[in-house]
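**Q** Using only what follows, build the 3D model:
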Amino acid sequence: MSILKTIQSPADLKRVLPSQLPELCEEIREQIIGTVSSVGGHLASNLGVVELTVALHYLLKTPADKIVWDTSNQAYTHKLLTGRREQFHTLRQYGGLSGFCKREESEYDSFNAGHAGTGVSAAFGLVEAREQLKQKNKVVCVVGDGAMTAGMTLEGLHHAGGLGKDFLVVLNDNQMSISKNVGAISAYLSRTISGEFYGKMREETGQLLRKIPHIGEDMQKLARRAEELAKGAILPGLLFEELGFQYYGPIDGHNFEHLLPTLENVLKMKGPVLLHVITKKGLGYEPAINNPVWFHACPPFVRETGAPAKKAARPSYTQFAMDSLVKLAREDQRIVAITAAMCEGTGLTGFEKEFPDRLYDVGIAEQHAVTFAAGLATQGLKPVVVMYSTFLQRAYDQVVHDVATQNLPVVFCIDRGGLVAEDGTTHHGAFDYAYLRHAPNMVVMAPKDENELQHMMKTCIQHDGPVSIRYPRGVSLGVSMDAVPAALPIGKGELMKDGSDVAIMAIGVSVWQAMQAAERLTKEGISTAVVNARFVKPIDQDLIVDVAKRVRYVVTVEEGCKMGGFGSAVLEALSDARITDVTTKMLGLPDWYIEQGPQDLLRERYGLTAEGIYQSVKELVGKAPVTKQDRFAVGASLDHLPHGDEQGS
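**A** Got it, this is the predicted structure:
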């Protein structure tokens, strides 16, 4: 009988014999590979932490004891051991299990996280809460070595080490974040050596000191300092010990004979402890071992070969954006590109291949990336910061304080703007229009298709000030491409279709959906104009006001939050022009965190398809009765949502 099927909770796990744990791990890997090959997900990182996760739950008394997973995209084994095995096939699907830890999903999930670097700070919050509440539970944070490039991780270690409370940090070291790790700390952690060798060296050093007669106190201090320097040269524990942590390791994270007794011992220790565990990404599935970057977060694949289950019909927006950047970089030596541990994900591999000395991967350090770009810009370079929308949020203050206040020519290429599907709540690019448009000097634009994207890339490079271009996740539309990109006039939109009853004003990927809705409405006798705004800021006030004066209704459409976004900018423009005789409606994402699910399904859910826009206009002009089902399709109030959707469950 399957061991895994007997485990409904960690209490069941504790009844498994230690000799059976390797077999259990094989079953867990089989379950993870089978599910992810079918639905997609984070594979390589999860295969690497199977033994570590089993060992933690085997020794801890969860959920009273707390495990915080930094990033938490490696918590699939954790989910399988904590009562979610029978739902595991719903992983990352609409209405199914989250691909990350989610407190709303299980009492075993101590903290929600989709961004790296938050784990130590959150876990230490649990430690101090335990102290305040006079409790006795243990708190463990599992943090990847990639997150050591995040400044927030070091901030958390600094605080925790200084206060000295009982706290275990497990450093899961696989020499990877998403891409290969970079920077000095990664190199530092790579200088590993066996504890046996270090112990022998220390003993020999002690013997040498004892043989020196009448050694003075100053000389002893000097000798001890020399020993510490030697230790730091061969063992990556000095950094953590200087931060106040007792350091142990590195140990093999796949060998229970090492893992269980070591974990058992360090869990008994007082004060802050860091256990350094070496694991291998993708262990148990050869394609994931050979290509851990692709299998970090992969679509469904053919299990036998590891090849994608289906190929994209057309190139992605990401590919078009970065191909354009490469062409522009050939013409302009000032262009340099910056990414935060996402070279492959943001499509910069082609740029790296052609211009290796002009690409900077700063690790998981978005704040540093933006201020670093600002410094480059002050010296006449043209830095292009390429990030997902959800990760640029982490550098908000740097965008405002270090770039915009100085009006520096930094380009922000914002990938995965809008709905991003199965990664869900923490990864949707819902907020970038809103959090960028209110920064003085900032230009905010979004293309309607890939052809306009290449023109906007040219516009960004030529603009002498901070500028952002936002494009979606997924394949392009397949429109014809102009041979040569041309800069667009800043702040000028495009009237794609004129009309006298309704004006649909749209931005980005919503423009062509608006066009389809307008064609249908016009055929039904509702003369409908369509404006491709192109710019959220500066918005084309002249065009918007001119069109608004000719219609009775104005509808705005954006794949972003309505609060403070593009629709708000249009209403501000109408207010400034004292246009008061039109009825308005804003379509966009509501004021809650959007759940996971396929892009098409979510667009339909929130009324951002051609059908949803059509129904919204029909309701607005009163030409057709609207059923409760129609209202739900275009985004109803919270009262109409299933329980829990307020939290993006």
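**Q** How about the contacts made by the closest residue to Met269 other than its chain neighbours?
**A** Once flanking residues are discounted, Met269 sits nearest to Gln246: 6.6 Å by Cβ to Cβ, 6 or more residues apart in numbering. C-beta here means a position set from N, CA and C on the backbone, and glycine is covered the same way. Contact analysis of Gln246 by Cβ atoms under 8 Å, 6 or more residues apart in numbering lists 269, 271-274.
**Q** do the same with Val621
**A** By Cβ under 8 Å, 6+ apart, the residues touching Val621 are 501-502, 526, 552-553.
**Q** and those, which are buried?
**A** Among the contacts of Val621, those classed as buried by 16 or more other Cβ atoms under 10 Å are 501-502, 526, 553.
**Q** Among those residues, list the two that are farthest apart in space.
**A** Maximum pairwise distance among those (Cβ to Cβ): 9.0 Å, between Ile526 and Tyr553.
**Q** so how many other residues sit close to the nearest residue to Tyr94 once chain neighbours are set aside?
**A** Counting by Cβ to Cβ, 6+ apart, Tyr94 lies nearest to Gly597, which is 3.4 Å off, once chain neighbours are set aside. Using other Cβ atoms under 10 Å, Gly597 has 20 other residues around it.
**Q** Touching, Gly156 and Val120? I think so.
**A** Yes: if you go by Cβ atoms under 8 Å, Gly156 and Val120 touch, sitting 3.2 Å apart.
**Q** Pull the residues that contact stretch 318-337.
**A** With contacts defined as Cβ under 8 Å, 6+ apart, stretch 318-337 is touched by 346-348, 350-351, 354-355, 358-360, 376, 380-384, 386, 413, 415, 450, 453-454, 457-458, 461, 469, 471, 473, 476, 485.
**Q** try 7 Å
**A** Contact with stretch 318-337 is made by 346-348, 350-351, 354-355, 358-360, 376, 380-384, 386, 413, 415, 450, 453-454, 457-458, 461, 471, 476, 485, as judged by Cβ atoms under 7 Å, 6 or more residues apart in numbering.
**Q** swap in stretch 490-500?
**A** Here stretch 490-500 makes contact (Cβ under 7 Å, 6+ apart) with 443, 463, 515, 518, 522, 527-535, 538-540, 543, 547, 550-551.
**Q** buried ones in it?
**A** Under the neighbour-count criterion of 16+ other Cβ under 10 Å, stretch 490-500 has 490-491, 493, 496-497, 499 buried.
**Q** taking the mean pLDDT, what do you get for that stretch?
**A** Mean pLDDT, computed over stretch 490-500, is 98.
**Q** Distance from the chain centre to it, please.
**A** With Cα atoms, centre = their mean, to the nearest Å as the basis, stretch 490-500 stands 34 Å off its chain's centre.
**Q** which SS state does Lys136 fall under?
**A** coil (DSSP: H, G, I helix; E, B strand; the rest coil).
**Q** which ones are touching Lys281?
**A** 44-45, 48, 174, 176, 292.
**Q** Output these in CSV; the columns should cover distance to Val511.
**A** Output for these, formatted as CSV (distance: Cβ to Cβ, whole Å):
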residue, distance to Val511
Ala44, 37
Ser45, 37
Gly48, 42
Asn174, 43
Met176, 39
Pro292, 38
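**Q** What is the nearest of those residues to Trp69?
**A** Distances from Trp69 to the contacts of Lys281, taken by Cβ to Cβ, are shortest for Ser45, at 10.4 Å.
**Q** tell me, how many neighbours does the nearest residue to the closest one once chain neighbours are set aside end up with?
**A** Ranked by Cβ to Cβ, 6+ apart and with sequence neighbours excluded, the top spatial neighbour of Ser45 is Gln74, at 4.2 Å. Look at Gln74: counted by other Cβ under 10 Å, it has 27 neighbours.
**Q** Is Gln74 in contact with Asn46, as I believe?
**A** Yes: here Gln74 lies in contact with Asn46, judged by Cβ atoms under 7 Å, at a distance of 5.2 Å.
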